[in-house]
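**Student:** Predicted model and sequence below, questions to follow.
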Amino acid sequence: MTSTTAGEIYYDPYDFDIDADPYPVWKRMRDESPLYYNEKYDFWALSRFDDVERCSIDWRTYRSGRGSVLEIIKQGAEIPPGSILFEDPPTHDVHRSLLSRIFTPRRIAELEPKVRAFCASSLDPLVGSGGFDFIADLGAQMPMRTIGMLLGIPEQDQEAIRDRIDAGLRLEDGAPPEVATVSSGGDDVFGDYLDWRKQHPSDDLMTELITAEFEDHTGVRRTLSREEILGYVGLLAGAGNETTTRLIGWTGKVLAENPDQRAKVVADRSLVPRAIEELLRYEAPSPVQARWVQEDVEHHGQKIEAGSVMVLLTAAGNRDERHFPDPDRFDVERDIDHHLSFGYGIHFCLGASLARLEGRIALEEVLNRFPEWDVDWSRAEQAHTSTVRGWEQLPVVVG
């Protein structure tokens, strides 16, 4: 176990003990070592809000083209086309623009009744049972169902796909995972659906990816290649599933630990969107990002050489008292100008509005049936990955 309460500061993104509650060490980093260096894994880290935000915006210096995950950058993993999280302009701009054209507010809004109906059908049988699991009964199901609705993947296959994505993200304690290449989703997961949809077009996002025409960064007008489509689909399925699952889990935990705040939302449902925004700030589902440093820079009087890796601790920035008053207090009435949980700059999360919609609906439907609950800590289990932070199991007891 690594001590973070006294002596020299040590932050390790692969240490389960730190990951269980990283906020004490992140506070020490903000106060004592706002530019931190980890010798073991050879990376720098920034933890203050302003530093993280500034680097997120400056894509010319802090590059994503080698990956935005520490181990992917350090191991030089191959990045497939279409992975916009792992791209820099001009390629990134072309791919993001294309996805923005088809991942529209109208399409997301159309999902609301379907998502609400799924939540209702999941929660209704649990009324009177004495409890449920925020992950197993809702968080692990609803996000993949939603992405499946967008992509046109049959419902009976969505859970198996989610389980394969989850398995690929898990960490062994104390070591980074080996990454030979970044998965794009792959023929073994989505290839059959892609081939079938080419022959049977429909009103779904996969069909639009197949048929969309665009001008690429070389000036050639074309449609997406098979590999690019699989990259898009893999990104949507992975990022859209994992982060929202963690958001729903944190909703269960944080509101159980703050019953006074939960009572405010029960009494005034107009607070639900603000509660979701505060949850995103308070417990960022994706707390750590990484960037390749393209040119020499300086932070807090220290030169950082080109070729270094900079870790941006977005969740630490969200608890920075320099930006948020009393940041360790969960407050559903807090005024938030913006937080860092969806990133910032050109890589701001395209699925932010979808995640907010899913989080809002999940909380509303839970409160409609279970206005109070307590976590069953004897059976709760935290998940550990290098990209998202949250719960594997979060069973609760209801009256």
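**Tutor:** Everything's here; your move.
**Student:** What mean pLDDT does the longest helix along the chain get?
**Tutor:** The longest helix of the chain (DSSP state H) is helix 226-257. Mean pLDDT, helix 226-257: 89.
**Student:** try stretch 30-49
**Tutor:** On average, the pLDDT along stretch 30-49 is 98.
**Student:** okay, how far is it across that stretch, tip to tip?
**Tutor:** Its first and final residues considered, stretch 30-49 spans 9 Å by CA to CA, to the nearest Å.
**Student:** Distance from it to the middle of the chain?
**Tutor:** Relative to its parent chain, stretch 30-49 has a centroid offset of 22 Å by CA atoms, centre = their mean, to the nearest Å.
**Student:** The helix or strand just after the longest helix of the chain packs against which elements?
**Tutor:** Per DSSP states H and E, helix 226-257 leads on to helix 259-267 as the next helix or strand towards the C-terminus. Where contact means 3 or more CB pairs under 8 Å, 6 or more residues apart in numbering; DSSP states H and E, helix 259-267 is packed against helix 226-257, helix 272-282, helix 352-369. Placement of C-beta: from N, CA and C, glycine included.
**Student:** Ok, which of these comes nearest Q382?
**Tutor:** helix 226-257 (9.2 Å; CB to CB).
**Student:** tilt between the closest one and helix 259-267?
**Tutor:** Helix 226-257 runs at 110 degrees relative to helix 259-267, counting by axes from the mean of the first three to the mean of the last three CA atoms, to 10 degrees.
**Student:** if we can go back for a sec, closest one to T207 among the helices and strands packed on helix 259-267?
**Tutor:** helix 226-257 (10.6 Å).
**Student:** Would you mind listing the buried residues in that closest one?
**Tutor:** Across helix 226-257, burial judged by 16 or more other CB atoms under 10 Å covers 228-256.
**Student:** Next: stretch 124-138.
**Tutor:** Result for stretch 124-138 [16+ other CB under 10 Å]: buried residues 126, 131-135, 137-138.
**Student:** ends of that stretch, how far apart?
**Tutor:** One end of stretch 124-138 to the other measures 12 Å (CA to CA).
**Student:** chain center to the longest helix of the chain: distance?
**Tutor:** Remark: helix 226-257 is offset 6 Å from the chain centroid, using CA atoms, centre = their mean.
**Student:** ok, now which ones touch P113?
**Tutor:** By CB atoms under 8 Å, 6 or more residues apart in numbering, P113 lies in contact with nothing.
**Student:** Is it in a helix, a strand, or coil?
**Tutor:** Using DSSP: H, G, I helix; E, B strand; the rest coil, the structure places P113 in helix.
**Student:** which residues in the stretch 51-200 of the chain form strands?
**Tutor:** Using DSSP state E, counting those that start in this stretch, the strands of the stretch 51-200 of the chain run over residues 62-63, 131-133.
**Student:** I'd like these laid out as a markdown table, including mean pLDDT and distance to I9.
**Tutor:** Formatted as a markdown table, these follow (pLDDT from 0 to 100; distance: least, CB to CB, whole Å):
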| stretch | mean pLDDT | distance to I9 |
| --- | --- | --- |
| strand 62-63 | 98 | 23 |
| strand 131-133 | 97 | 36 |
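**Student:** burial count for F348?
**Tutor:** Residues within reach of F348, counting by other CB atoms under 10 Å, total 13.
**Student:** show me what contacts the closest residue in space to it that isn't next to it in sequence?
**Tutor:** In space, and not counting its chain neighbours, F348 is closest to F342: 5.7 Å by CB to CB, 6 or more residues apart in numbering. By CB under 8 Å, 6+ apart, F342 lies in contact with 280, 348-349, 352, 355.
**Student:** Determine which residue lies closest to the centroid of this structure.
**Tutor:** By CA atoms, centre = their mean, the chain has its centre lying nearest to T243, at 3.4 Å.
**Student:** Give the residue spans of the stretch 251-399 of the chain that score low on pLDDT.
**Tutor:** Within the stretch 251-399 of the chain, not a single segment meets pLDDT under 70.
**Student:** burial count for the nearest residue to I229 once chain neighbours are set aside?
**Tutor:** Leaving aside its sequence neighbours, I229 sits nearest to L209 (CB to CB, 6+ apart; 5.0 Å). Using other CB under 10 Å, L209 has 24 other residues around it.
**Student:** same question, E333
**Tutor:** Residues lying near E333 (other CB under 10 Å) number 12.
**Student:** hang on, it in a helix?
**Tutor:** No: judged by three-state DSSP, E333 forms no part of a helix; its state is coil.
**Student:** where's it relative to S33, distance?
**Tutor:** 33 Å (CB to CB, to the nearest Å).
**Student:** about what we covered before: and the angle from the longest helix of the chain to helix 352-369?
**Tutor:** Using the same axes, to 10 degrees: helix 226-257 against helix 352-369 is 40 degrees.
**Student:** Output the contacts of F342 in TSV, with distance to L99 appended to each entry.
**Tutor:** TSV is the format used below for the contacts of F342 (distance: CB to CB, whole Å):
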residue	distance to L99
L280	22
F348	13
C349	12
A352	13
A355	15
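**Student:** Quickly check the residues you listed for the two that are furthest apart.
**Tutor:** L280 and F348 (13.1 Å).
**Student:** so how far is whichever strand or helix holds D19 off the chain centroid?
**Tutor:** Using DSSP H and E, D19 falls within helix 16-20. Relative to the mean C-alpha coordinate of its chain, helix 16-20 is positioned 18 Å out (CA atoms, centre = their mean).
**Student:** Same question for stretch 241-261.
**Tutor:** 14 Å.
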